[in-house]
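Asker: sequence and predicted model, in that order:
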Amino acid sequence: MGLLEGKTALIFGLANNRSIAWGVTQAFAREGATLGISYAGEALKRRVEPLAEKVGCDFVAECDVSKDEDIEAVAKKAAERFGKVDILVHSIGFADRNELQGEYYNTSRKGFHLAMDISVYSFVGLARAFQPILNPGGALISMTYYGSVKVAPNYNVMGVAKAALEASTRYLANDFGPQGIRVNAISAGPIRTLASAGVSGFKSMHKAFVDMAPLHQPVGIEDVGNAAVFLASDMSARTTGEVLYVDSGYNIMGVPDVSKG
Ligand code: NAD
Ligand code: 0WE
């Protein structure tokens, strides 16, 4: 029997078949969850619908998380279709491209607000909108990156946003605990997706990551999907407010190990 049998999951942030959200969707489908998928805007519809079909999901809803109305609307649609929901996955991050290069001190007020709004506030907004229809035993999951705790050159305002996202995960865990709902984050190692494709120096950074990490293995969307299954299922019933690293162990290293090949 699948680990998510009898549970309904809504996944936010599917753009294409490289998205971390796609790794999560496939793993959840394998474990028997009933699925709902949400994407950002009209332009992504033709990419997302065939993917939804592949996993037998017929709840596909547009939701631009910068709009309160969209968040309200998707929660309403989910309530109409499913009644209650068990799992919500937030796999959304965005900053203006210009803010992801050069000195962090050059971050504009507008760029700061945008990154915080899309990458952090949206998790809080979604949590509030879904609160009335979440089942006890449910789980909220967000996606973060190590640039929240240590400096990742050029990650800049996104690093600050991820720090706020991780803090939000802890505050939400405290809010939702009495309702029997857990809130956790997954901190994934670098993965080539739409959001990392355009990043200059990504390839060499990725190589340095594999060299430094104890497991010396790249992280894939299926690895993140499997970790999300754990955090969404009753297998993690007493874990909340945590950041779970899925990074081949990279974050434990302080100094590169030059003694091994
Ligand atoms: P992705 O581009 O496939 O996913 C990002 C998603 O955010 C896209 O689906 C995009 O449509 C969505 N989005 C942006 N603005 C939105 C809006 N206004 N409303 C709704 N959705 C919006 O890239 P990804 O790498 O799969 O990113 C998913 C999450 O994982 C992000 O939070 C990212 O920061 C995080 N993450 C990525 C990596 C990596 O190396 N790729 C590592 C760690 C964490
Ligand atoms: O969280 C992310 C992706 C963040 C991201 C990327 C983009 C590029 C395209 C947010 N917004 C945008 N906006 C765009 O217009 N990652 C963890 C992947 C990532 O992004 C980086 C990285 C890594 C790793 C940016 C700079 C340095 C390293």
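Answerer: The structure has been received and is ready for your questions. Ligands and ions are numbered 1, 2, ... in the order given.
Asker: use CA for all of it now, contacts and neighbours both
Answerer: Will do.
Asker: show me which residues of the stretch 1-150 of the chain sit near ligand 2.
Answerer: The stretch 1-150 of the chain comes close to ligand 2 at residues 93-97, 100, 145, as judged by CA under 6 Å from any ligand atom.
Asker: highest neighbour count among those?
Answerer: residue 145 (24 neighbours; other CA atoms under 10 Å).
Asker: residue 70 is in what secondary structure piece?
Answerer: helix 68-82 (DSSP states H and E).
Asker: against which helices or strands is that helix packed?
Answerer: In terms of contacts (3 or more CA pairs under 8 Å, 6 or more residues apart in numbering; DSSP states H and E), helix 68-82 is packed against strand 60-62, helix 122-130.
Asker: that older thread, between the residues of the stretch 1-150 of the chain next to ligand 2, which is closest to residue 114?
Answerer: Proximity of those to residue 114 (CA to CA) peaks at residue 95, which lies at 6.4 Å.
Asker: okay, the closest one: pLDDT?
Answerer: Looking at residue 95, its pLDDT is 98.
Asker: cool, residue 261 as well?
Answerer: pLDDT, residue 261: 58.
Asker: so residue 9 is in which element?
Answerer: Using DSSP H and E, the element containing residue 9 is strand 8-12.
Asker: restrict the longest strand along the chain to CA atoms and write it as PDB.
Answerer: Looking across the chain with DSSP state E, the single longest strand is strand 134-144. What follows is strand 134-144, C-alpha atoms only, in PDB (Å, rounded to 0.1, in the frame of the first residue of the first chain):
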ATOM      1  CA  LEU A 134      -6.800  21.000   6.100                       C
ATOM      2  CA  ASN A 135      -7.300  17.600   7.700                       C
ATOM      3  CA  PRO A 136      -5.600  16.800  11.000                       C
ATOM      4  CA  GLY A 137      -2.500  14.600  10.200                       C
ATOM      5  CA  GLY A 138      -1.800  16.900   7.200                       C
ATOM      6  CA  ALA A 139       1.400  18.500   6.200                       C
ATOM      7  CA  LEU A 140       2.700  21.700   4.500                       C
ATOM      8  CA  ILE A 141       6.000  21.600   2.700                       C
ATOM      9  CA  SER A 142       8.200  24.400   1.300                       C
ATOM     10  CA  MET A 143      11.400  24.300  -0.800                       C
ATOM     11  CA  THR A 144      14.500  26.100   0.300                       C
END
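Asker: list the buried residues of it.
Answerer: 134-135, 137-144 (16 or more other CA atoms under 10 Å).
Asker: for the stretch 151-261 of the chain, which spans come out with low pLDDT?
Answerer: 261 (pLDDT under 70).
Asker: again, 90 this time
Answerer: Low-confidence segments of the stretch 151-261 of the chain (pLDDT under 90): 195, 197-200, 259-261.
Asker: what residues does the stretch 101-250 of the chain have near ligand 1?
Answerer: 118, 143-145, 187-196.
Asker: how about a cut-off of 8 Å?
Answerer: Proximity of the stretch 101-250 of the chain to ligand 1 (CA under 8 Å from any ligand atom) is limited to residues 118-119, 142-146, 158, 162, 186-196, 221.
Asker: just the buried members of those residues?
Answerer: Judged by 16+ other CA under 10 Å, buried ones among those: 118-119, 142-146, 158, 162, 186-192, 195, 221.
Asker: among these, which ones are in strands?
Answerer: Reading strands off those with DSSP E, I get 142-144, 186-188.
Asker: part of a strand, is residue 87?
Answerer: Yes - under DSSP: H, G, I helix; E, B strand; the rest coil, residue 87 sits within a strand.
Asker: who are the contact partners of it?
Answerer: Residue 87 makes contacts with 7-10, 134, 138-141, 232, as judged by CA atoms under 8 Å, 6 or more residues apart in numbering.
Asker: now do 6 Å
Answerer: 9, 138-140 (CA atoms under 6 Å, 6 or more residues apart in numbering).
Asker: residue 84 now?
Answerer: Contacts of residue 84 (CA under 6 Å, 6+ apart): 133-134.
Asker: what about it, distance to ligand 2?
Answerer: 30 Å (CA to the nearest ligand atom, to the nearest Å).
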